[in-house]
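S.K.: take a look and give me a structure for this.
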Amino acid sequence: RKENMKRFLGKQIPKTKQCTRRIGTWQPSRTMHQFRKTKEMRQYVSLYTRTGDKGETSLFNGDRAKKTNVRFEVLGALDELNAGIGLTISFLKSSQEEVPENLIEELENVQSRLFDCGSTVATPAATSREAFLNVVAFDVETAIKELEQQIDIYTEQCPPLRVFVMPGGELGAAQLHVARAVCRRAERKIIELAEKEDENQLAPIIKYMNRLSDYLFAASRIVNHRSTKTEEATYKKYRERRKKRKE
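M.R.: A predicted model of the protein is given here:
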């Protein structure tokens with residue numbers, strides 16, 4: 001058993017009481033799983049907790065709820081959006097085309113703000129203590145103004161919009177369109193949650209998500225505009241009937 005413990009702890013089993021107290025109390029009558037964890041072992045955090053195996057999980061304030069709850073639908077949509085933006089960043093970093101200055105940094109900042117939005121959603125105002133609400137609070141209005149500034153900059157640099165823009169173009173731009181669509185879905189879910197509860201708490205988040213989808217659209221346009229290989233695809237009306245008439 002002592003040899004097993006050596007491999008388990010990665011060090012020699014101490015013989016003195018002083019060292020025993022520092023690393024852990026070894027009692028031959030106990031099994032390996034009953035051995036008291038050391039300070040080093042307690043610092044390890046397992047990726048699985050088994051607490052959600054029955055279809056429930058915890059919010060930030062400790063409340064338990066079913067995973068089918070609309071609040072977790074919102075959190076899932078925000079997570080999906082964040083992953084999509086992460087994929088966009090990867091495409092932009094590997095692109096051989098000119099990437100707009102600071103765009104990657106802006107998207108990374110958006111990822112952090114999405115975590116802030118998720119923390120707010122995961123902390124219902126009605127059941128959370130003030131200490132929890134203070135932890136998840138962030139300056140939403142400043143984040144919205146930053147998005148609006150970049151939207152204006154990118155819009156001025158692109159050709160005027162006269163027809164609908166089709167998703168596509170450069171990989172980074174196409175993925176920005178995907179992220180925009182996911183953002184709209186997340187916004188709808190937040191609105192659904194706000195109609196049931198926490199309307200005042202979620203109102204700034206809804207406003208941020210609405211502006212974020214506009215930003216992602218503007219960013220996709222500027223990426224395609226800077227591209228030397230692809231042009232921005234636009235909506236075209238169905239012309240088959242006119243062709244038949246001419247024939």
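S.K.: what's in contact with stretch 197-209?
M.R.: 113, 117, 120-121, 124-126, 140-141, 143-144, 147, 183, 186-187, 190-191, 193-194 (Cβ atoms under 8 Å, 6 or more residues apart in numbering). C-beta coordinates here come from the backbone N, C-alpha and C atoms, glycine included.
S.K.: select only the buried ones of the residues you listed in ChimeraX?
M.R.: Entered in ChimeraX, the line below selects the buried ones among the contacts of stretch 197-209, by 16 or more other Cβ atoms under 10 Å:
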select :113,117,120,121,124,125,140,143,144,147,183,186,187,190,191,193,194
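S.K.: out of the contacts of stretch 197-209, which sit inside strands?
M.R.: If you go by DSSP state E, the contacts of stretch 197-209 have nothing in strands.
S.K.: who's the closest spatial neighbour of Val136, skipping the chain neighbours?
M.R.: Excluding its sequence neighbours, the residue lying closest to Val136 (Cβ to Cβ, 6 or more residues apart in numbering) is Ser119, at 4.0 Å.
S.K.: look up how far Asn109 lies from that neighbour.
M.R.: In this view, Ser119 and Asn109 are 16 Å apart by Cβ to Cβ, to the nearest Å.
S.K.: more neighbours, the two?
M.R.: The neighbour count for Ser119 versus Asn109, taken as other Cβ atoms under 10 Å, is higher for Ser119 (17 against 14).
S.K.: show me what contacts that one?
M.R.: Ser119 neighbours (Cβ under 8 Å, 6+ apart): 60, 135-136.
S.K.: by pLDDT, give me the weakest of these.
M.R.: Checking pLDDT across the contacts of Ser119, the minimum falls on Phe60 at 76.
S.K.: give me the nearest residue to that residue, chain neighbours excluded.
M.R.: Ala122 (4.2 Å).
S.K.: next, name the residue at the spatial heart of the chain.
M.R.: Asn82 (3.0 Å; Cα atoms, centre = their mean).
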